[in-house]
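K.L.:
Fold the following for me, if possible:
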Amino acid sequence: MSDTAMPVAIVALNAPVRAKPTSYPEPFASRMAGREKRALGELFGLSNFGVNLTRLAPGAGSALRHAHSKQDEFVYILAGHPVLISDEGETPLAPGMCAGFKANTGNGHQLINRTDQEVLYLEVGDRTPGDSVTYPDDDLQAVFGNDGKWVFLHKDGRPY
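P.N.:
Have a look, this model is predicted:
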């Protein structure tokens, strides 16, 4: 039995904001200003998939536009009106809407808050070992290490 007791239930907005806002290296990390994530899955000791409650301030983005090789992703909009940017173009989203991103399609996606109101959404993704990420708009790629951390490289393979 663990020395740390897991909660049975919490108010999601009372969960701590992730201490490190992003794992992106510069010059990309500063582009994530205005994004806050609360790692809800980790509070309950979940290891097969992650759940984040994410807040986007006006003008903020969810991530760089990206596509996973092995990880499926799902988002559910709780509040606000972000724009989903994907290979299909721009799709306005509203509370109650959801979107899913199947692994290995190469379809780069991100959410952007172009309004003057906050956006709040849940994001769910699995933690499949050996995942990699492509970033079609940036000189960046990432590989998910066996230690559960991302390793970031230039597209030519040089490390950041």
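K.L.:
from here on, contacts and neighbour counts on C-alpha atoms
P.N.:
Will do.
K.L.:
tell me the phi and psi of residue 13?
P.N.:
For residue 13, the backbone dihedrals (degrees, to the nearest 10) come out as phi -70, psi -10.
K.L.:
distance of it from residue 122?
P.N.:
11 Å (C-alpha to C-alpha, to the nearest Å).
K.L.:
what number of residues lie near the nearest residue to residue 49 once chain neighbours are set aside?
P.N.:
Closest residue in space to residue 49, ignoring its immediate chain neighbours: residue 126 at 4.0 Å, by C-alpha to C-alpha, 6 or more residues apart in numbering. Using other C-alpha atoms under 10 Å, residue 126 is surrounded by 16 other residues.
K.L.:
list the contacts for residue 126?
P.N.:
Neighbouring residues of residue 126 by C-alpha atoms under 8 Å, 6 or more residues apart in numbering: 48, 49, 50, 71, 72, 73.
K.L.:
ditto for residue 69
P.N.:
103, 104, 105, 106, 131, 132, 133.
K.L.:
try residue 7
P.N.:
Residues in contact with residue 7 (C-alpha under 8 Å, 6+ apart) are 43, 44.
K.L.:
just the one 5 residues further on next, same as before
P.N.:
Contacts were defined as C-alpha under 8 Å, 6+ apart; by that measure residue 12 touches 38, 40, 53.
K.L.:
Cross those residues against helices and list the overlap.
P.N.:
Assigned to helices by DSSP state H, the following of the contacts of residue 12 qualify: residue 40.
K.L.:
Would you report the backbone torsion angles of residue 50?
P.N.:
phi -110, psi 150.
K.L.:
in the sheet, who's paired with it?
P.N.:
Applying DSSP bridges to residue 50 gives these bridge partners: residue 125.
K.L.:
Might one say that it is in contact with residue 125?
P.N.:
Yes. Between residue 50 and residue 125 there is a contact at 5.3 Å, judged by C-alpha atoms under 8 Å.
K.L.:
Which parts of this protein are strands?
P.N.:
35-39, 49-56, 67-68, 73-79, 83-86, 89-92, 98-101, 110-112, 119-126, 132-134, 141-144, 150-153 (DSSP state E).
K.L.:
Fine by me, thanks again.
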